[in-house]
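S.K.: Provided below for reference: sequence and predicted model.
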Amino acid sequence: MLAASILLIAAGEALTQTDVPAVPNGRSPAQQTVPQQDAPVSPSPPREENPGLFNEIGRMFEKLPALKSPQEAIEDLNGRARDAAKDASDSLSRLTKPSSMVSGRMVCPVSANGAPDCKLGADKLCQTKGFKEGKSLNTDSAEACSAKVLIPGRTRKPDDCRTDNYVTRALCQ
């Protein structure tokens, strides 16, 4: 469309600038009247939208959903956080009922490699409370020494004391 409009304008300028031949009646070209055009040039049709970058960005913003006010956004966020916290507390309360957590003091026997086996200690602690088995939640350790250590002037030997580990709290099933 644009090219056609430019072509029509250029053609109109070319017609007005051409030399008009001398008329036999003796008038000069300046005195001659230019014949009127029969059909006026139609005005160019309305320009179509240019689908450029800015136009497309404008359309994108028009299609976006309305944004929430800051207060609505905070209320929505608080509501979701409240629901998530409630769900988490419900799940946690189902996993660990207070009745399945027991407290006591049960020694962890020493395993073959010399490390304390607190799984067995937790099982024994839970069995004393009427459960089948358990997992240790809290442990404690203490040094147990023979009475020989208390004798004044006696040097301490490596096998005079040992470290005992205890399960003090367990989750029972």
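M.R.: That came through fine. These numbers were taken from a predicted model, which means no experiment stands behind them.
S.K.: Would you mind giving the secondary structure of residue 114?
M.R.: coil (DSSP: H, G, I helix; E, B strand; the rest coil).
S.K.: and the gap between it and residue 57?
M.R.: 71 Å (Cβ to Cβ, to the nearest Å). Glycine gets a C-beta too; all of them are placed from N, C-alpha and C.
S.K.: What of residue 157?
M.R.: Distance, residue 157 to residue 57, by Cβ to Cβ: 85 Å.
S.K.: Contacts only, for residue 171.
M.R.: By Cβ atoms under 8 Å, 6 or more residues apart in numbering, the residues touching residue 171 are 96, 100-101, 134-135, 137.
S.K.: What about those residues, which are in helices?
M.R.: Secondary structure defined by DSSP state H assigns none of the contacts of residue 171 to helices.
S.K.: Quick one, which of those are buried?
M.R.: residue 134 (16 or more other Cβ atoms under 10 Å).
S.K.: how about the contacts of residue 171, which pair is most distant?
M.R.: 96 and 134 (12.0 Å; Cβ to Cβ).
S.K.: returning to what we had before: identify those among the contacts of residue 171 that sit within strands.
M.R.: Mapping the contacts of residue 171 onto strands (DSSP state E) picks out 101, 134-135, 137.
S.K.: Flag the shaky bits of the protein, pLDDT-wise.
M.R.: The chain contains residues with pLDDT under 70 at 1-50, 92-99.
S.K.: Please report the distance of the closest residue to residue 135 other than its chain neighbours from residue 128.
M.R.: The shortest distance from residue 135 to any non-neighbouring residue, by Cβ to Cβ, 6 or more residues apart in numbering, is to residue 171 (5.0 Å). Shown here: residue 171 relative to residue 128, a distance of 15 Å by Cβ to Cβ.
S.K.: wait, which of the ones in strands among the contacts of residue 171 is closest to residue 71?
M.R.: After measuring these against residue 71 - Cβ to Cβ - the closest member comes out as residue 101, at 42.4 Å.
S.K.: hmm, back to that, who has more neighbours out of residue 114 and residue 57?
M.R.: Shown here are residue 114 and residue 57; by other Cβ atoms under 10 Å, residue 57 has more neighbours (10 against 6).
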